[in-house]
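K.L.:
here's a sequence, model it:
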Amino acid sequence: MSIFKKIGKFLHEVRVELKKVSWPTRREFGIFTSIVLSAVVVIGFFFWILDSIFLAVLKLVIG
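P.N.:
Numbers count the residues shown, from 1 in each chain. Sure thing, here's the model as predicted:
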């Protein structure tokens, strides 16, 4: 079997599998995206606060 036939077969199988996927609606996509972005902001803020605390403690120890 040639390389081009293998690639063609692979792409066909990918297309068949993608048809089986349950894709989210536009509304679900918006909700999921906002949840992820909110979580990233909250976790980023948490680590910023934690970093500030560790920096203050380190300055006390060194200074």
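K.L.:
which element follows the helix or strand G8 falls within toward the C-terminus?
P.N.:
Here G8 is covered by helix 3-19, with elements defined by DSSP states H and E. Sequence-wise, the next helix or strand downstream of helix 3-19 (DSSP H and E) is helix 26-62.
K.L.:
ok so, going back, only alpha carbons, please: show the helix holding G8 as PDB.
P.N.:
As requested, the backbone C-alpha atoms of helix 3-19 are provided in PDB (Å, rounded to 0.1, in the frame of the first residue of the first chain):
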ATOM      1  CA  ILE A   3       2.000   6.200   1.400                       C
ATOM      2  CA  PHE A   4      -0.700   8.300  -0.300                       C
ATOM      3  CA  LYS A   5      -3.300   5.600   0.100                       C
ATOM      4  CA  LYS A   6      -2.400   5.300   3.800                       C
ATOM      5  CA  ILE A   7      -2.700   9.000   4.200                       C
ATOM      6  CA  GLY A   8      -6.000   9.000   2.400                       C
ATOM      7  CA  LYS A   9      -7.400   6.200   4.500                       C
ATOM      8  CA  PHE A  10      -6.300   7.900   7.700                       C
ATOM      9  CA  LEU A  11      -8.000  11.200   6.700                       C
ATOM     10  CA  HIS A  12     -11.100   9.300   5.800                       C
ATOM     11  CA  GLU A  13     -11.200   7.500   9.200                       C
ATOM     12  CA  VAL A  14     -10.600  10.900  10.900                       C
ATOM     13  CA  ARG A  15     -13.600  12.400   9.100                       C
ATOM     14  CA  VAL A  16     -15.800   9.400  10.100                       C
ATOM     15  CA  GLU A  17     -14.800   9.700  13.700                       C
ATOM     16  CA  LEU A  18     -15.300  13.500  13.800                       C
ATOM     17  CA  LYS A  19     -18.900  12.900  12.600                       C
END
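K.L.:
so how far is L18 from T33?
P.N.:
Using Cβ to Cβ, to the nearest Å, one obtains 21 Å as the distance from T33 to L18. C-beta coordinates here come from the backbone N, C-alpha and C atoms, glycine included.
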